[in-house]
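A.B. asks: this is a predicted model, with the sequence first.
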Amino acid sequence: MHGSSRDGKEPVVRHRIIERLSRSAYSPDPRDVIWTMPNVISFLRILSIPVIAYLVAKRHLIIALVVLLFSAVSDGVDGIIARRYNQVSKLGQILDPVADRLLILCSVLALSIAGILPWWLLLLVGLRDVLMGLLVLALAQHDYGPLPVHFAGKTGTAVLMLAIPALIFADAWHTPFFQFMHLIALGAVIWGVGLYWLAGLLYARQGLCLLKAERQA
């Protein structure tokens, strides 16, 4: 029969394949170290975020784009180094998403100050990050680490990380073409914030289910 296993080996092999795939998705075997090259790059990336926000708020948009470009390149470089030279660390797994969230929040804040984005978008982004922070703290009280990254979260972050530079670029000039580009980038930001919230609700549901199971255990 095609559906039967032979000597019980098929389920074991299937279990090992699933385990290997699931472990690879979470950057397996992170080390408990601090001073690695990827972590230093991540620290520098975080330090660049206030600089980018200041430049955007003061409408020095071209210079802000240059700094943002270096920040984006460093984001890819630290991941390559970590995997290539076995420098994946627990701290690095925390710093990378923290840097993304700080960049999004500070960029939206700066764009709001510059009058490029409406303030209600800043409120939505900030409220979502506050709720996620409270969820992480609640889970940490029960020894739970970060929740698995959801596709909606990855997509929302990617859309915002592309739409924010596009919006800065579009507002650096005042021509009909760039005004049209501004509208497209603004729509992408709103779409990204929507996905950002969708992912947040999914994370909240997962976290609350874990906490509920913990109370019932």
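C.D. replies: Alright, I've got the coordinates. Numbering: from 1, shown residues only.
A.B. asks: right, and the helix or strand after the helix or strand bottoming out on mean pLDDT in the chain?
C.D. replies: For the chain, using mean pLDDT, DSSP states H and E, the weakest element among its helices and strands is helix 9-24, scoring a mean of 43. Secondary structure here is assigned by DSSP states H and E; on that basis, the next helix or strand after helix 9-24 toward the C-terminus is helix 37-57.
A.B. asks: could you pull out the strands for the chain?
C.D. replies: If you assign secondary structure with DSSP state E, the chain ends up with no strands.
A.B. asks: mean confidence score for the top helix by length along the chain?
C.D. replies: Within the chain, and with DSSP state H defining each element, the longest helix by residue count is helix 176-216. Per-residue confidence for helix 176-216 averages out to 92 on the pLDDT scale.
A.B. asks: can you name every helix or strand that that helix contacts?
C.D. replies: With contacts defined as 3 or more Cβ pairs under 8 Å, 6 or more residues apart in numbering; DSSP states H and E, the secondary structure elements packing on helix 176-216 are helix 119-140, helix 151-170. C-beta coordinates here come from the backbone N, C-alpha and C atoms, glycine included.
A.B. asks: of these, give the one that comes closest to Asn86.
C.D. replies: helix 151-170 (24.1 Å; Cβ to Cβ).
A.B. asks: got the angle between the closest one and helix 119-140?
C.D. replies: Interaxial angle, helix 151-170 versus helix 119-140 (axes from the mean of the first three to the mean of the last three Cα atoms, to 10 degrees): 150 degrees.
A.B. asks: which helices and strands does helix 151-170 pack with?
C.D. replies: Secondary-structure packing of helix 151-170 (3+ Cβ pairs under 8 Å, 6+ apart): helix 61-84, helix 90-113, helix 176-216.
A.B. asks: how far off centre is the longest one?
C.D. replies: Between the mean C-alpha point of helix 176-216 and the mean C-alpha point of its chain there is a distance of 11 Å (Cα atoms, centre = their mean, to the nearest Å).
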